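Peer 1: here you go, sequence then predicted model.
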Amino acid sequence: MSGYKYQNFITRFSFSQIYICRERFKVKKILFLAGDLNNSGGTERVSTIIANALAEKKYNVSFASIFNGDKPIFSVSDRVNLITLINNKRKIRSFFFIPLIILKIRQLLKKLNPDYLIVVETMSVLFTLPASLGLRTKVIAWEHFNFVSNLGRRSRDFSRKLAAKYCYRVIVLTDKDKDYWLSGTKHKNNIISIPNPNPYPINVIANKNNKIALSVGRLTYQKGFDLLIKSWIDVTKKHPDWKLIILGEGEDRLLLENMIESNKLSDSVFLKGNVKDVVSFYKDADIFLLSSRFEGFPMVLLEALSFGLPVVAYDCNTGPSEILEGTNSPIVLEEDVKGFSDSINNLIENDILRKEITLKSIQKSKLYLIDNIIPKWMRIFKDEA
């Protein structure tokens, strides 16, 4: 090789290496986008945890809400920049709704020039894909529901197909849901399963005998508390000294109150509504019950594991079978009310089994600590975990 060609090769090699190194080690800009961070749902809670953790890892993190988001319910790190796109939804005429959101998102992307846009709900892909056309930002869709359920909106099915085909990555919460996505979309091998992190540290109280079963969730059809109360009728016949406490609020409260009264369960089943100190209820409980008809990724199971609680759950789509795998907690066929009550009675009557499940639950809970989850996100951004 001549001196000129050699020098030219070295120059080109050096420039390419410098570019690769610069891209590899520069601080990545990450923008989260949610509907309204002021909401108190599980989606807002988890996305806040991930955003905070990435900020602690020295990423440049911003969190935008389409509406409001200026007073988040969950604690946001000082390192995370909060952004509101639209202050008052009611002032927007329906005709201008979609184009205005797309325009606002595009203006924000041009201003911040993030490396990655994490869309917290796949429905918002309908806004972010047109908003990001021609820009360098990679769009990541983060699905929080299971693929089988569209929650009564066909537009959700359409947005999922768009996300699979055009987004840089799609993050789902379970391997089972990943399989649903792979079989139900024209994907580009970009579907990744990353579970949600546990919001609580491991916190186990030994030798409890409070005779309390706990369930937590919105009082809605999805959560199946009507099924749970039907199962509890048989439980209270065998174990009248045990109590069922249900935390949460929702549109099914009157229905559930009537079921409790008509089945004479007022001294056994208690609807406590929304409470601030959920932790104290986990600490007092001996057993946790999940009666959902469907889920995306039931965070309450992670919470129950962190407190070492034995669980009885329906094998609904999706989450319980993966989260409880290896713990020996009983998983019951969907809506099998008799099987559910039999499993509860078996746990109540078997102290040794409950203690064995507690030990296994503690070990399983460690897998969902934030320190074990955040490296999976970092690998998406081409960083070493």
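Peer 2: Thanks, I have it. Since the model is a prediction, treat every value here as computed from it, not as a measurement.

Peer 1: measure how far stretch 185-199 is from the centre of its chain, please.
Peer 2: Here stretch 185-199 is found 11 Å from its chain centre; the criterion is C-alpha atoms, centre = their mean, to the nearest Å.

Peer 1: got it, and stretch 329-341?
Peer 2: Remark: stretch 329-341 is offset 24 Å from the chain centroid, using C-alpha atoms, centre = their mean.

Peer 1: what's the answer for stretch 68-81, then?
Peer 2: With C-alpha atoms, centre = their mean, you get 18 Å for stretch 68-81.

Peer 1: got the buried residues for that stretch?
Peer 2: Burial within stretch 68-81, assessed by neighbour count using 16 or more other C-beta atoms under 10 Å, is assigned to 68, 69, 72, 74, 76, 80. Yep, even glycine has a C-beta here, placed from its N, CA and C like the rest.

Peer 1: who touches that stretch?
Peer 2: With contacts defined as C-beta atoms under 8 Å, 6 or more residues apart in numbering, stretch 68-81 is touched by 34, 36-40, 44-45, 48-49, 51-52, 55-56, 61-63, 82-84, 87.

Peer 1: rerun that using 7 Å as the cut-off
Peer 2: 36-40, 44-45, 48, 51-52, 55-56, 61-63, 82, 84 (C-beta atoms under 7 Å, 6 or more residues apart in numbering).

Peer 1: in strands, which of those residues appear?
Peer 2: Among those, the residues falling in strands (DSSP state E) are 61, 62, 63, 82, 84.

Peer 1: wait, the fourth one touches residue 55, no?
Peer 2: When you say that, I think you mean residue 82. No. Contact between residue 82 and residue 55 fails when scored by C-beta atoms under 7 Å: they sit 11.6 Å apart.

Peer 1: which one's more surrounded, the two?
Peer 2: Per other C-beta atoms under 10 Å, whichever of residue 82 and residue 55 has more neighbours is residue 55, with 20 against 15.

Peer 1: distance of that one relative to residue 194?
Peer 2: From residue 55 across to residue 194, the span is 18 Å (C-beta to C-beta, to the nearest Å).

Peer 1: out of the contacts of stretch 68-81, which are buried?
Peer 2: If we count by 16+ other C-beta under 10 Å, the contacts of stretch 68-81 have these buried: 36-39, 44-45, 48, 51-52, 55, 61-63, 84.

Peer 1: from the residues you listed, which single one is nearest residue 114?
Peer 2: Of all those, residue 62 has the smallest distance to residue 114: 7.2 Å, by C-beta to C-beta.

Peer 1: contacting residues for that closest one?
Peer 2: By C-beta under 7 Å, 6+ apart, the contact set of residue 62 is 31, 80, 81, 83, 112.

Peer 1: check residue 50 too.
Peer 2: Residues near residue 50 by C-beta under 7 Å, 6+ apart: residue 377.

Peer 1: what number of residues lie near residue 241?
Peer 2: Look at residue 241: counted by other C-beta under 10 Å, it has 8 neighbours.

Peer 1: just checking, it touches residue 213?
Peer 2: No. Between residue 241 and residue 213 there is no contact under C-beta under 7 Å: 11.8 Å.

Peer 1: which parts of the stretch 251-385 of the chain are helices?
Peer 2: 253-262, 278-284, 299-306, 320-323, 337-348, 351-366, 370-380 (DSSP state H, counting those that start in this stretch).

Peer 1: re earlier: just the ones of the contacts of stretch 68-81 in helices?
Peer 2: Secondary structure from DSSP state H places 44, 45, 48, 51, 52, 55, 56 of these in helices.

Peer 1: ok, which pair from these is furthest apart?
Peer 2: The two members of the ones in helices among the contacts of stretch 68-81 with the most space between them (C-beta to C-beta) are 44 and 56, at 18.7 Å.

Peer 1: confidence score at residue 94?
Peer 2: What the model reports as pLDDT for residue 94 is 61.

Peer 1: let me fix that: residue 88
Peer 2: Turning to residue 88, the model gives it a pLDDT of 70.

Peer 1: over to residue 188?
Peer 2: pLDDT at residue 188 comes out at 76.

Peer 1: contacts only, for it.
Peer 2: Residue 188 neighbours (C-beta under 7 Å, 6+ apart): residue 165.

Peer 1: could you look up the SS state of it?
Peer 2: Following DSSP: H, G, I helix; E, B strand; the rest coil, residue 188 is assigned to coil.

Peer 1: how much space between it and residue 170?
Peer 2: For residue 188 relative to residue 170 (C-beta to C-beta), the value is 9 Å.

Peer 1: pipe the buried ones among the contacts of stretch 68-81 into a markdown table and attach pLDDT per row.
Peer 2: Shown next, in a markdown table, are these (pLDDT from 0 to 100):
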| residue | pLDDT |
| --- | --- |
| 36 | 90 |
| 37 | 92 |
| 38 | 89 |
| 39 | 87 |
| 44 | 90 |
| 45 | 90 |
| 48 | 95 |
| 51 | 97 |
| 52 | 97 |
| 55 | 96 |
| 61 | 97 |
| 62 | 97 |
| 63 | 97 |
| 84 | 93 |
